[in-house]
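Enquirer: heads up, no residue letters with this:
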């Protein structure tokens, strides 16, 4: 197999979440694909948000935000939240919400919702990297398997760029930290 050099502006497939925050007294939601687990104990997430985004302003002011995982059936509503800005569009009525312990708006219709306390904000050249400690997690019982979210039942959205396409999760491929044992045994 040979490789060719490509543009370093590479985007990997990303899970899509809705970041929720109170801004000027109203709930605001922004889709974000640049999100990942950042720490095990205490549990933390990192999310990249552009400097000029209304959501970034809210996170910095409130010190708390939510990370809501929508199912694929919500793709149009999720996309709408990325097309319009909270600066000029009130997104507080787009979803039914409830407040978390820190006051961050959690989306009731999302199968999984996490409330985060802002731990740190790293200012990068074009984005902030917000690191939040997960202080509360809420899930629909129907997506749980042995007390944890089941990826197939969660039915999360994924985004690829630069083609800007939404995708679904496929079937399970193999067990992590197990399927590689055959290679270990051969080597």
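Expert: Structure received. Worth saying up front: this structure is predicted, and the values here are computed from it rather than measured.

Enquirer: name the SS class of residue 90, please.
Expert: coil (DSSP: H, G, I helix; E, B strand; the rest coil).

Enquirer: tell me the contacts of the residue lying closest to it once chain neighbours are set aside?
Expert: Closest residue in space to residue 90, ignoring its immediate chain neighbours: residue 26 at 6.0 Å, by CB to CB, 6 or more residues apart in numbering. (Each C-beta comes from the backbone N, C-alpha and C, glycine too.) By CB atoms under 8 Å, 6 or more residues apart in numbering, residue 26 lies in contact with 86, 90-92.

Enquirer: distance of residue 26 relative to residue 171?
Expert: 40 Å (CB to CB, to the nearest Å).

Enquirer: pLDDT weak spots in this structure?
Expert: For the chain, no stretch has pLDDT under 70.

Enquirer: go ahead and measure how far stretch 30-39 is from the middle of the chain.
Expert: In terms of CA atoms, centre = their mean, to the nearest Å, the centre of stretch 30-39 is found 4 Å from the chain centre.

Enquirer: which positions within it qualify as buried?
Expert: By 16 or more other CB atoms under 10 Å, the buried positions in stretch 30-39 come out as 30-35, 38.

Enquirer: cool, and stretch 98-106?
Expert: Within stretch 98-106, the residues that count as buried by 16+ other CB under 10 Å are 100, 102, 104-106.

Enquirer: show me the helices in this protein, by range?
Expert: With helices called from DSSP state H, the chain shows them at 54-62, 75-83, 151-154, 181-186.

Enquirer: of all these, which one is nearest residue 21?
Expert: Closest to residue 21 of these, according to CB to CB: helix 54-62, at 3.6 Å.

Enquirer: coming back round to it: can I get the buried residues of stretch 30-39 in CSV including distance to residue 12?
Expert: Output for those, formatted as CSV (distance: CB to CB, whole Å):
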residue, distance to residue 12
30, 20
31, 17
32, 14
33, 10
34, 10
35, 12
38, 16
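
Enquirer: in strands, which of these fall?
Expert: Secondary structure from DSSP state E places 30-32, 35, 38 of those in strands.

Enquirer: surely residue 82 and residue 19 touch.
Expert: No - between residue 82 and residue 19 there is no contact under CB atoms under 8 Å: 10.8 Å.

Enquirer: quick revisit: I'd like the buried residues of stretch 98-106 as TSV, with distance to residue 145 appended.
Expert: Listed next are these as TSV, based on distance: CB to CB, whole Å:
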residue	distance to residue 145
100	24
102	28
104	26
105	27
106	22
